[in-house]
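S.K.: What shape does this take:
(chains A and B)
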Amino acid sequence: MNQQMNSPEHIEYVTRIGDNALILGQRMSEWCGHAPVLEEDMALANMSLDLIGQARMLLAHAGKLEGKGRDEDQLAFLRTELNYRNLTLCELPNQDFARTMVRNFLFASFQVLLWERLLTSSDSELAAIAAKSLKEARYHAQHAGDWVIRLGDGTVESHARAQAALDYLWPYTAEFFVTTPADDAVAAAAIGPAWSELEAAWEALVLPVLVEATLTVPARTPFKSFGKFGRHSEHLGHLLSEMQYLQRTYPGAQW
Amino acid sequence: MERKEWPLWEVFVRSRNGLDHKHCGSVHAPDAKLALQVARDVYTRRQEGVSIWVVQADHIVASDPDAKPELFDPAEDKIYRHPTFYQLPDEVNHM
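M.R.: Down below sits the predicted model:
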């Protein structure tokens, strides 16, 4: 592997994709034992594990690129909040089933587009991870998209909850497409797309489903979140304190 | 209080090497599309299958358990109905 492949931008880019998967996987796993029906309980747990599996591969890869001997567990359990690079959207509380499904739909649709582009990454390891993860992301987008339509175009109650979820989450999707210096470097090295390139394709995927769900898409506002720059909402710290508890309390513990 | 339960669907899965779909359980779902989706999540998460059928449980017509003696017992002593008295050629598979 040449020097350019191990640039800090490259490491950050892979870490960011891994952090998205890890944090949303952890967040979604909170549904385990609490979902509205047993069948969805298993679906949510399955999808959480899909995401955590993606995170393991990506963080293990990021650790290797970094070359400081940190493995996936150290990256997941021993980094602090400011070193996490996930989108703020991934760390927001589940609230209810509607918000969970709307979030999954918005995020999985983005992931589908990202994985499709990463199939041809100049980083062959990342391309291999993309090939595996794309199938998972497509299912997540299909599953959640189906629910968004059912809830949005359902009862008065389910529509109200789906609309409230969309109103709450939509401003956080602007962050997906914010340009970062790492993106430019990574795009130049053909490692992966700058995420700003995906905006039009994402809207083309997402908007028809929201229309079918009879939901009103909020107008864009100047609000921006900055999770991928390490500036998170108040929710990430709480999530990490639970997720990292065991390694923090019993350093080096294994099972 | 009225309880609106989702209908029950019976799930049949064909395994990777299997020729037939085998009954493996049931799921609750509001319609056929979601029944397939949840059947996938509940019954094929450990690579159990490559194809799924779901059928609404109401649509299955079952024999009456009380009619077992007259339906099935008479076959007990009809050994000549088994094709065990023939040599099957090797080319005949799946018998």
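
S.K.: Could you use CA atoms for every contact and neighbour count after this?
M.R.: Will do.

S.K.: quick one: stretch A:137-144 to chain centroid distance?
M.R.: Mean-position distance between stretch A:137-144 and its chain equals 13 Å (CA atoms, centre = their mean, to the nearest Å).

S.K.: How about stretch A:157-170?
M.R.: Distance, stretch centre to chain centre, for stretch A:157-170: 20 Å (CA atoms, centre = their mean).

S.K.: Buried residues of that stretch, list them for me.
M.R.: Using 16 or more other CA atoms under 10 Å in any protein chain shown as the burial criterion, the residues of stretch A:157-170 that qualify are A:Ser158, A:His159, A:Ala160, A:Arg161, A:Ala162, A:Gln163, A:Ala165, A:Leu166, A:Asp167, A:Leu169, A:Trp170.

S.K.: Now, these that are in helices?
M.R.: Residues of those located in helices (DSSP state H): A:Ser158, A:His159, A:Ala160, A:Arg161, A:Ala162, A:Gln163, A:Ala165, A:Leu166, A:Asp167, A:Leu169, A:Trp170.

S.K.: all strands of the chain, in order?
M.R.: Defaulting to chain A. Ranges of strands in chain A, per DSSP state E: none exist.

S.K.: I was after chain B.
M.R.: For chain B, the strands defined by DSSP E occupy B:8-14, B:22-28, B:51-56.

S.K.: Tell me what angle the shortest one forms with strand B:22-28.
M.R.: Relative orientation of strand B:51-56 with respect to strand B:22-28: 50 degrees, computed using axes from the mean of the first three to the mean of the last three CA atoms, to 10 degrees.

S.K.: before we move on, what about the first one?
M.R.: Orientation of strand B:8-14 against strand B:22-28 (the same axes, to 10 degrees) gives an angle of 150 degrees.

S.K.: check contacts around the residue in chain A positioned nearest to chain B.
M.R.: Closest residue of chain A to chain B, CA to the nearest CA: A:Ala43 (5.3 Å). Contacts for A:Ala43 were tallied using CA atoms under 8 Å, 6 or more residues apart in numbering or on different chains; they are B:Val38, B:Asp41, B:Val42.

S.K.: so which of those residues are also by chain A?
M.R.: Contacts with chain A within these, as defined by CA under 8 Å from any CA of the partner chain: B:Val38, B:Asp41, B:Val42.

S.K.: What parts of chain B come near chain A?
M.R.: Residues of chain B lying close to chain A (CA under 8 Å from any CA) are B:Val27, B:His28, B:Gln37, B:Val38, B:Ala39, B:Asp41, B:Val42, B:Arg45.

S.K.: need these in CSV with pLDDT, can you?
M.R.: Output for those, formatted as CSV (pLDDT from 0 to 100):
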residue, pLDDT
B:Val27, 95
B:His28, 94
B:Gln37, 93
B:Val38, 93
B:Ala39, 95
B:Asp41, 92
B:Val42, 93
B:Arg45, 87
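
S.K.: Please pick the buried ones from the residues you listed.
M.R.: Among the residues of chain B next to chain A, those buried by neighbour count (16+ other CA under 10 Å) are B:Val27, B:His28, B:Gln37, B:Val38, B:Ala39, B:Asp41, B:Val42.
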